[in-house]
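>>> Here is the input, now give the coordinates:
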Amino acid sequence: MDRAVKKAKKLIGEITPPPDKSISHRAIMFASIAKGVSRIKNFLWAKDPLSSLNAMRLLGVEIKVTDSEIMVHGKGLHSLSEPENVIDCGNSGTTIRLLSGILAGQSFLSILTGDDSLRQRPMKRIIEPLRLMGADIRGRAEDRFPPVVIKGGNLKGINYKMPVASAQVKSAILLAGIYAEGETSVTEPHKSRDHTERMLKTMGVDLIVKENTVKIIPPADKLSSFDIAIPNDFSSAAFFIGGACIVPASEILIKNVCLNETRTGFIEVLKTMGATIEILNIREQAGEPVGDILVKTATELKATTVKGEIIPRLIDEFPILCVVATQAEGTTLIRDAKDLRAKESDRIKAMTTELRKMGVPVKEFEDGVEIKGPCGLKSAEVYSYNDHRIAMALSIAGLIAEGETVIKDSDCVDISFPHFYNLLERLQR
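Below you'll find the model as predicted:
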């Protein structure tokens, strides 16, 4: 499906973004290996988290859905069932990578695959450490891609230094570490999102975090069930934050957003650029900081340089940051983001190619982009690459472009944000 977006005069109103995708994945998977019944409220009913829910059902977990909550009848660490068929992880990198860590500790055979996009995502980054721990695991094309075949059990703890910061890889190793004999530690070059660490602690795992190193102290022989109300997703809110910054005369209040500091690098960067953003009503929910975000049109945006340790904390916000940069005075430089080439699409190439169509002077590097602004955007027919974040970022770009911008295959937003276009239309004046 294609979507036409026209220039907006302003964005005004109050919205609540969808539930957090990262936490939804973890809640379903972790509840499944806990002992007892866990209750999950405000789960994200989108394609990616549903891949995790369906995967756990295939592994023998009873999951009941009501109008108000999901009840997961956890089977404990060692009582998952061998699946009768291949597990389809859809488009979800989180599902296939975190589930690999869990399955590395099981004694049976599992095969994980996904859609065309997922089958091109790098898997060696999890296969190598899990193999070092003793799992019999292999992937297609010399372990580079899915499908992934796992025969787990009898794991040993390792001390692993990750070459690239990645919450998915870190989580896979930590989950395998729960099943391993001896201590398991993971060290990242820069700190990535820490939802796994937070949730495992609440479930009774003896886990030590020191700077960029996370260590699991054995034995983690039992995980406690839990009740959780999932906060709303910062990465989904980011598109409206960016839109309010650059569409004239805008003011948006975004409610009940997860403000975990490992996720909010985008706000830090926007503030250095001169954005008008205020955080209100800060509180804690499900072990995570939560608040409301008030965003008004920036009177003047200045270009900036984004690199180094902040990149993992805004990795999902790269596409919308590129759009905001088109309206900043000067040259914005984003580097150290090579991992973006291995997401649902090659996001560096995708944003470079499509923004050029809209008249943006953008230079592509192997690990980032350079964007000169401010510049007037022109309408164009642009492609989503079946990547939800590319589609949403280009839709925001369409709000400041002359004429009508058409986003091809825009329905990929259903992966994380099924009601994105309804909210966008509601805010336009």
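
>>> which stretches of this structure form helices?
21-32, 47-58, 93-103, 124-132, 140-143, 167-179, 195-202, 234-246, 265-273, 318-325, 347-357, 388-398, 420-427 (DSSP state H).

>>> chain center to the first one, what's the gap?
I take that to be helix 21-32. 13 Å (Cα atoms, centre = their mean, to the nearest Å).

>>> avg pLDDT for that helix?
The average pLDDT for helix 21-32 rounds to 98.

>>> and the angle for that helix with helix 93-103?
20 degrees (axes from the mean of the first three to the mean of the last three Cα atoms, to 10 degrees).

>>> thinking again about what came up before, let me have the helices of the chain in a markdown table, adding distance to K151 as columns.
For the C-beta atoms, the positions are set from N, CA and C on the backbone; glycine is no exception. Below are those laid out as a markdown table (distance: least, Cβ to Cβ, whole Å):
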| stretch | distance to K151 |
| --- | --- |
| helix 21-32 | 20 |
| helix 47-58 | 17 |
| helix 93-103 | 9 |
| helix 124-132 | 11 |
| helix 140-143 | 15 |
| helix 167-179 | 13 |
| helix 195-202 | 24 |
| helix 234-246 | 34 |
| helix 265-273 | 38 |
| helix 318-325 | 36 |
| helix 347-357 | 34 |
| helix 388-398 | 33 |
| helix 420-427 | 40 |
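
>>> Quickly list the domain ranges of the protein.
As given by automatic domain parsing, the domain ranges for the chain are 3-19+232-427, 21-229.

>>> Turn those domains into CSV, including mean neighbour count.
Converted to CSV, the domains of the chain look like this (neighbours: other Cβ atoms under 10 Å):
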stretch, mean neighbour count
domain 3-19+232-427, 20
domain 21-229, 20
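
>>> Of all the helices of the chain, which one comes closest to D367?
helix 347-357 (7.7 Å; Cβ to Cβ).

>>> Report the backbone C-alpha coordinates of the closest one in CSV.
Extracted as CSV, the C-alpha positions of helix 347-357 are listed here (Å, rounded to 0.1, in the frame of the first residue of the first chain):
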residue,chain,number,x,y,z
ARG,A,347,19.2,2.7,6.6
ILE,A,348,22.2,4.8,5.7
LYS,A,349,21.7,4.1,1.9
ALA,A,350,17.9,4.3,2.2
MET,A,351,17.9,7.8,3.8
THR,A,352,20.6,9.1,1.5
THR,A,353,18.8,7.9,-1.6
GLU,A,354,15.3,9.1,-0.7
LEU,A,355,16.3,12.5,0.8
ARG,A,356,18.3,13.3,-2.4
LYS,A,357,15.0,12.7,-4.3
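
>>> what's that helix packed up against?
The elements that helix 347-357 packs onto, with contact taken as 3 or more Cβ pairs under 8 Å, 6 or more residues apart in numbering; DSSP states H and E, are helix 318-325, strand 362-365, strand 368-373, strand 381-383, helix 388-398.

>>> Helix 318-325 and the longest one, what's the angle between them?
Pointing back at helix 388-398 there. Using the same axes, to 10 degrees: helix 388-398 against helix 318-325 is 20 degrees.

>>> what's the average pLDDT for helix 388-398?
pLDDT averaged over helix 388-398 gives 98.

>>> Now do that helix: which elements does it pack against?
With contacts taken as 3+ Cβ pairs under 8 Å, 6+ apart, helix 388-398 sits against strand 3-6, helix 234-246, helix 318-325, helix 347-357, strand 381-383, strand 404-408, helix 420-427.

>>> rewinding a little: dump the helices and strands packed on helix 347-357 to CSV, plus distance to V209.
What follows is the helices and strands packed on helix 347-357, written out as CSV (distance: least, Cβ to Cβ, whole Å):
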stretch, distance to V209
helix 318-325, 26
strand 362-365, 33
strand 368-373, 29
strand 381-383, 40
helix 388-398, 28
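
>>> Go through those and name the closest to K6.
helix 388-398 (7.2 Å).

>>> In contact with Y421, which residues?
3, 395, 410, 413 (Cβ atoms under 8 Å, 6 or more residues apart in numbering).

>>> got those residues as JSON lines, with distance to A180 columns?
Shown next, in JSON lines, are the contacts of Y421 (distance: Cβ to Cβ, whole Å):
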{"residue": "R3", "distance to A180": "47"}
{"residue": "S395", "distance to A180": "44"}
{"residue": "S410", "distance to A180": "43"}
{"residue": "V413", "distance to A180": "39"}
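
>>> quick check, nearest of those to S235?
Nearest member of the contacts of Y421 to S235, counting by Cβ to Cβ, is V413, at 12.4 Å.

>>> Hmm, the closest one is touching I390, no?
No: using Cβ atoms under 8 Å, V413 is not in contact with I390, being 9.8 Å away.

>>> picking that back up, which one of the helices of the chain lies nearest to P219?
So among the helices of the chain, helix 167-179 is nearest, using Cβ to Cβ, at 9.2 Å.

>>> I'd like the average pLDDT over that closest one.
97.

>>> Please name the bridge partners of T332.
I371 (DSSP bridges).

>>> just the contacts of Y421 now: which is nearest R283?
So of the contacts of Y421, ranked by how close each gets to R283 (Cβ to Cβ), first place is V413, at 28.9 Å.

>>> and that closest one, what does it touch?
V413 neighbours (Cβ under 8 Å, 6+ apart): 388, 391-392, 420-421.

>>> cool, I282 as well?
Counted by Cβ under 8 Å, 6+ apart, I282 has contacts 259, 289-291.

>>> 10 Å instead, please
With contact taken as Cβ atoms under 10 Å, 6 or more residues apart in numbering, I282 is in contact with 259, 289-292.

>>> What is the nearest of those residues to M133?
P289 (32.5 Å).
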